[in-house]
Structure formats: C-alpha cells, structure tokens
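K.L.:
pasting the sequence and the predicted model now:
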Amino acid sequence: MKTFNTYLTEEDQTEPKNVLKNPSLMHNNYNEALAAAQKMAENKTEATDRVYILSYKYYGQEHLKQYSVIYNKTLLSQEPNWENKGYTIMGWVSPVDGIVSRTEDGRYVKGNKS
C-alpha cells in the first residue's frame with residue numbers, strides 16, 4: 001500500500017508537464033482554437049497581450065489534437081523552445097490587432113483565415 005509521502009515523492013520525480021500538450025488548451029480544428037483564443041483574450045487589455053493559436057507538427061504521430069491555444073507570456077516563460085519542438089504560430093487574438101491569421105505563404109494578416 002502506498003503512503004501519501006510515497007505518492008508525493010513519485011509525483012515529484014516525473015518530468016515537468018508540457019504546457020502546450022495540456023488537453024484543456026488543445027483543439028481539433030482551427031475554428032475551435034480561434035473561438036477559444038477569442039474567449040481567452042476577452043479580458044486582456046495590455047497592448048502586448050496576445051493569445052496564440054499554435055499548430056503542432058507531430059500531432060498525428062503522437063495522437064494529439066493539432067491546435068493549442070496559449071497566452072503569449074505563458075508560452076515564453078514555460079515553453080521558450082516551442083518552435084524547436086514542432087510548433088508554428090497559426091494566428092493570434094489581441095486587443096490591439098484583433099484576429100491575425102497566418103497565410104499559406106507564411107505571412108500574418110489581420111482577419112480570420114478562410
């Protein structure tokens with residue numbers, strides 16, 4: 001039988017969780033992710049606030065949802081090497097820019113991608 005202390009010790013030894021693979025932040029399609037980003041950005045008022053929509057390159061191999069939605073400051077503080085791990089910014093929502101989407105040629109333009 002495990003004691004409470006043994007359970008805590010086992011939990012402490014696991015590697016830190018990847019914030020981008022948090023199931024509550026992941027979505028199957030871009031429109032779901034955009035809706036979640038808009039909701040997350042509702043109370044953001046600073047000019048530097050952004051809620052990113054990231055696409056994960058290896059979602060099929062790892063059986064994960066393709067899109068993650070995350071606040072920009074959380075992304076930079078908790079997952080600074082996001083780009084090296086196969087993530088790409090597909091767009092963002094911010095109080096200054098509104099909705100910004102990535103085009104097929106890699107540029108970012110205001111407005112929802114069609």
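P.N.:
Everything's here; your move.

K.L.:
centre of the chain to the lengthiest strand in the chain, how far?
P.N.:
Looking across the chain with DSSP state E, the single longest strand is strand 87-94. Mean-position distance between strand 87-94 and its chain equals 8 Å (C-alpha atoms, centre = their mean, to the nearest Å).

K.L.:
partner strands of it, parallel or antiparallel?
P.N.:
strand 51-56 (antiparallel), strand 98-102 (antiparallel) (DSSP bridges).

K.L.:
helices along this structure, start to end?
P.N.:
Under the criterion DSSP state H, helices of the chain are mapped to 4-13, 30-41, 72-78.

K.L.:
can you report how many residues lie near Lys39?
P.N.:
Counted by other C-beta atoms under 10 Å, the residues lying close to Lys39 total 12. All C-beta atoms are positioned from the backbone trio N, CA, C, and that covers glycine.

K.L.:
ok, it - contacts?
P.N.:
Lys39 makes contact with no residue under the criterion C-beta atoms under 8 Å, 6 or more residues apart in numbering.

K.L.:
next one: Ile70
P.N.:
Val19, Leu20, Leu25, Val51, Tyr52, Leu54, Glu79.

K.L.:
my read is that the first one contacts Gln78, right?
P.N.:
Yes: shown here, Val19 and Gln78 form a contact pair, counting by C-beta atoms under 8 Å, at 4.6 Å.

K.L.:
ok, now how distant is Ala37 from Tyr52?
P.N.:
Distance of Ala37 to Tyr52, computed by C-beta to C-beta, to the nearest Å: 7 Å.

K.L.:
overlap in contacts of these two?
P.N.:
Listed as contacting both Ala37 and Tyr52 by C-beta under 8 Å, 6+ apart are Val69, Gly91, Trp92.

K.L.:
model confidence score at the second one, please.
P.N.:
In this case it means Gly91. Looking at Gly91, its pLDDT stands at 96.
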